[in-house]
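pasting a predicted model and its sequence here:
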Amino acid sequence: MTLKARIIPCLDVKDGRVVKGVNFVDLVDAGDPVESARIYDAAGADELCFLDITASSDNRDTIFDVVARTAEQCFMPLTVGGGVRTVSDIRKLLLAGADKVSINTTAVKNPEFVAEAADKFGNQCIVVSIDAKTVSADGEKARWEIFTHGGRTPTGIDAVEFARRVVDLGAGEIMLTSMDRDGTQKGYNIPLTRAVADAVTVPVIASGGVGNLDHLVEGVRDGHATAVLAASIFHFGTYTISEAKRHMADAGIAMRLDGAI
Amino acid sequence: MRVAIIDYGSGNLRSATKAFERAAAESGTDAEIVLTGAADVVAGADRVVLPGVGAFADCRGGLAAVDGMDQALRHAVEEKTRPFLGICVGMQLMATRGLEKTVTPGFDWVSGDVKLIEPSDPDLKIPQIGWNTLTLKRPHPLFDGIKTGPDGLHAYFVHSYYLDAANDADVLAETDYGGPVTAVVVRENRAGTQFHPEKSQALGLALIANFLKWAP
């Protein structure tokens, strides 16, 4: 197999600005998502993800401008998520220059929306983003449940079953975030990642909890993810994209090394 | 030189347009890049680019729904033999038929059907999403200066279907995804890439620059 595992830096964007600024020495405006995108493009990131966390509906259109300006300068794949509720939201993001759109809460509330979106735009651009939390007690067979609203609201929906269902409906990719691990820097939830990756026929992006480069290796090697998403380890300059790629390549994972500078 | 990128409501065309502008500027090619849904602009263009994302039948239908576009495309490519580049589903439309969802006729510029990828390794995911290398089957001006092979540059793929060409001679490059998968087809003045050059960083911009200079 020569398809390479992907490293995807994810930027949280609020009101058109990067939250948790990116810490690069050569960055003029750390709050500008477009400039961060350009740095990651030059650094050889395999894809880029914007998560729009704008709360006010008045400012929701800011993301379209960010996406449009990014797509004019970065010739790499771009996934945009956050607040995607309607077919019109997806169309606007794709027209602005997103290649893929990730759907989270709306897919949980109304799974048929995934089918509608995939029929309109093709499975390949519909990513379903799943936020899951461990709900089984210690010693019990592991179970994970979907949570919405940043991990606060339980839904009673089994994460593995849900992943299977949205793939049947037309999701082309699953972005899987462990809410137990997100922000902990303790590494991906490997049993969860593996359970979902082995249950579906589409690629799974591991997310939530990366603190070091071994965690990226584990996501692919042990979690069976085909892509690994991380935020702070790259934004804060703890590791560069090319260090991460070399580390994964050294661990025996096929990586694209030609994009790195 | 005027390059027409056909706009028929199929997904994101901004990055394609920008990538062509960048490639033209970087390679010093004097090209005006026009994103257009107007048949007469396509009919009069010096080079024609057909992007496409989504399902084969939807793209074919979307193109046919633009007044006069089918005839304009055939006029430019078949009669005036202008260089043509199809991207992703735009490349798949060059085939005889698409078998996605339903059987849909293509342009029949490259004999063959567009079929679901069936990798020999059942663990491989469908769609193929990500970066893969290319095996070039013969030298071609579109790949001038581009390093291919296992240690070569990578191209970005997002697809579940591929063009299974009836004639090996029409396949310029393959990628490996549990077996060979058609990555680039070329026949006469018509070329198509399954991957997205506009998303393929160095390889993509170099290939676009070569297309702008290509004299088939």
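Looks like it came in fine.

which intervals of the stretch 1-150 of chain A have sub-threshold pLDDT?
A:1, A:20-30 (pLDDT under 70).

which ones are touching the residue in it that chain B sits nearest to?
As assessed by CB to the nearest CB, chain B sits closest to residue A:122 within the stretch 1-150 of chain A, at 3.6 Å. Every residue, glycine included, has its C-beta placed from N, CA and C. Neighbouring residues of residue A:122 by CB atoms under 8 Å, 6 or more residues apart in numbering or on different chains: A:172, B:11, B:53-55, B:58.

between the residues you listed, which is closest to residue A:147?
Set against residue A:147, the nearest of these by CB to CB is residue A:172 (23.1 Å).

ramachandran coordinates for the closest one?
phi -90, psi -10 (degrees, to the nearest 10).

check the closest residue to the residue of the stretch 1-150 of chain A closest to chain B other than its chain neighbours and give its pLDDT.
Excluding its sequence neighbours, the residue lying closest to residue A:122 (CB to CB, 6 or more residues apart in numbering or on different chains) is residue B:54, at 3.6 Å. Residue B:54 carries a pLDDT value of 82.

how many residues are close by residue B:54?
23 (other CB atoms under 10 Å in any protein chain shown).

just checking, it touches residue A:118?
No: between residue B:54 and residue A:118 there is no contact under CB atoms under 8 Å: 9.5 Å.

between the contacts of residue A:122, which is nearest residue B:210?
For the contacts of residue A:122, the nearest to residue B:210 is residue B:53 (22.9 Å; CB to CB).

measure that closest one to residue A:203 for me?
Separation of residue B:53 from residue A:203 (CB to CB, to the nearest Å): 17 Å.

which residues of chain A lie near chain B?
A:1-6, A:41, A:46, A:68, A:71-73, A:75-77, A:94-100, A:120-125, A:172-173, A:201-204, A:226-227, A:256, A:258-259 (CB under 8 Å from any CB of the partner chain).

show me what contacts the nearest residue to residue B:100 once chain neighbours are set aside?
Distance criterion CB to CB, 6+ apart; nearest residue to residue B:100, sequence neighbours excluded, is residue B:56 at 4.4 Å. Going by CB under 8 Å, 6+ apart, residue B:56 touches B:89, B:92-93, B:98-101, B:104, B:106, B:114, B:161.

residue B:183 too?
Taking CB under 8 Å, 6+ apart, one finds B:132, B:134, B:155, B:157, B:173-175, B:193-195 in contact with residue B:183.

mind giving me JSON lines with those residues and columns for secondary structure?
Output for those, formatted as JSON lines (DSSP: H, G, I helix; E, B strand; the rest coil):
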{"residue": "B:132", "secondary structure": "strand"}
{"residue": "B:134", "secondary structure": "coil"}
{"residue": "B:155", "secondary structure": "strand"}
{"residue": "B:157", "secondary structure": "strand"}
{"residue": "B:173", "secondary structure": "strand"}
{"residue": "B:174", "secondary structure": "strand"}
{"residue": "B:175", "secondary structure": "strand"}
{"residue": "B:193", "secondary structure": "strand"}
{"residue": "B:194", "secondary structure": "coil"}
{"residue": "B:195", "secondary structure": "coil"}
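
what ranges does chain B have for its helices?
Ranges of helices within chain B are B:14-26, B:39-43, B:56-64, B:69-74, B:89-92, B:201-213, based on DSSP state H.

what does the shortest one rub up against?
In other words, helix B:89-92. The contact list for helix B:89-92 (CB under 8 Å, 6+ apart) reads B:6, B:10, B:49-56, B:59, B:86, B:98, B:106, B:114, B:161-163, B:185, B:192-194.

6 Å - rerun?
By CB atoms under 6 Å, 6 or more residues apart in numbering or on different chains, the list of residues contacting helix B:89-92 from outside reads B:50-52, B:56, B:59, B:114, B:163, B:192-194.

over to stretch B:153-164?
Outside stretch B:153-164, the residues that reach it (CB under 6 Å, 6+ apart) are A:77, A:124, A:256, A:258, B:92, B:95, B:100, B:112-117, B:126-129, B:131-134, B:147, B:181-182, B:195-196, B:199-200, B:202-203.

how about stretch A:62-72?
By CB under 6 Å, 6+ apart, the surrounding residues in contact with stretch A:62-72 are A:15-16, A:33-34, A:37, A:52, A:80, A:92, A:96-98, B:14-15, B:18.

using CSV, lay out these together with neighbour count and distance to residue B:43.
Compiled in CSV, the contacts of stretch A:62-72 are given as follows (neighbours: other CB atoms under 10 Å in any protein chain shown; distance: CB to CB, whole Å):
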residue, neighbour count, distance to residue B:43
A:15, 16, 45
A:16, 19, 41
A:33, 27, 40
A:34, 19, 37
A:37, 26, 37
A:52, 24, 41
A:80, 29, 35
A:92, 17, 31
A:96, 21, 29
A:97, 25, 28
A:98, 29, 31
B:14, 19, 24
B:15, 27, 25
B:18, 20, 24
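
which of these sit farthest apart?
A:15 and B:18 (24.9 Å).

low-confidence regions, the stretch 151-261 of chain A specifically.
A:259-261.

for chain B, same thing?
Using pLDDT under 70, chain B drops low at B:10-12.

if we go to 80?
B:9-12 (pLDDT under 80).

give me every residue in it lying close to chain A.
Contact residues (CB under 6 Å from any CB of the partner chain) of chain B with chain A: B:11-12, B:14-15, B:18-19, B:53-55, B:125-127, B:129-133, B:153-154, B:156, B:158, B:176, B:199, B:201.

got the contact list for stretch B:120-135?
The contact list for stretch B:120-135 (CB under 6 Å, 6+ apart) reads A:2-4, A:6, A:46, A:124, A:172, A:201-203, A:226, A:256, B:117, B:148, B:150, B:152, B:154-160, B:173-175, B:177-179, B:183.
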